[in-house]
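*Asks:* Predicted model follows, preceded by the sequence.
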Amino acid sequence: MSGTVFNIPRELSDPFFFSVDDTLKIDESQFEPCNPLFAFEILYYNGRSEDAMPWMVQRAWVNDLIKEWKKEEEHMKALFKGRSRDISDLMRRSIGRFYILLYWSNKQPVNLNNWETRVERFSLKPVNVVERLTFIRGNPALYHSYIQLVQLFEEQHKQYAKYLALNQSAKK
């Protein structure tokens with residue numbers, strides 16, 4: 001597998017997701033938004049952007065994110081039901097996926113520096129999203145955090161669908 005090694009840009013420097021001096025190897029010809037986590041943003045902030053980044057043409061990308069989340073949600077539900085202790089990494093990845101959904105549906109690349117203030121300014125967001133995400137990040141292995149994350153995904157998806165419906169009717 002070939003690939004280029006990238007430093008984690010300061011816009012994504014968050015100890016919840018990455019260590020201080022982390023680097024990631026990305027095969028630019030074949031990757032997904034969440035594999036590795038924040039792949040498009042890592043390329044973008046390292047000056048390797050494409051013409052149409054997913055947050056600018058988000059409709060298909062948001063649908064893909066939701067489909068992938070649904071698969072992950074079922075897997076996590078089974079792990080929690082079985083009281084598995086191997087949930088933290090999967091929750092961390094799912095929280096990252098939610099950030100991607102939240103930012104992209106607001107036509108922004110994920111930027112984790114001072115994320116609370118950025119997210120508060122978004123027009124499409126769940127109620128009390130900052131408080132809820134802060135709780136989830138602080139307690140990723142709790143079942144209640146999983147339930148909150150499920151609800152955040154549902155609420156953000158509804159906000160985005162409402163936005164699309166309103167913009168569709170405005171174009172007619």
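*Replies:* Here it is on my side, so go on. Remember, predicted model here, so these are calculated numbers, not experimental data. Residues are numbered from 1 along each chain as shown.

*Asks:* Show the end-to-end separation of stretch 106-125, please.
*Replies:* End-to-end distance of stretch 106-125 (Cα to Cα, to the nearest Å): 8 Å.

*Asks:* That stretch: how far from the chain's middle?
*Replies:* Distance of stretch 106-125 from the chain centroid (Cα atoms, centre = their mean, to the nearest Å) equals 11 Å.

*Asks:* Contacts for that stretch next, please.
*Replies:* Contact partners of stretch 106-125, identified using Cβ atoms under 8 Å, 6 or more residues apart in numbering, comprise 10-14, 17, 38, 40-41, 44-45, 53, 55-56, 58, 99-100, 102-105, 129-130, 133-134, 156, 159-160, 163. Where C-beta positions appear, they are placed from N, C-alpha and C, glycine not excepted.

*Asks:* hmm, 6 Å instead?
*Replies:* The contact list for stretch 106-125 (Cβ atoms under 6 Å, 6 or more residues apart in numbering) reads 11-12, 14, 38, 41, 44, 55, 99-100, 103, 105, 129-130, 159-160, 163.

*Asks:* Return the members of those residues classed as buried.
*Replies:* Among the contacts of stretch 106-125, those classed as buried by 16 or more other Cβ atoms under 10 Å are 11-12, 14, 38, 41, 44, 55, 99-100, 103, 105, 129, 159-160.
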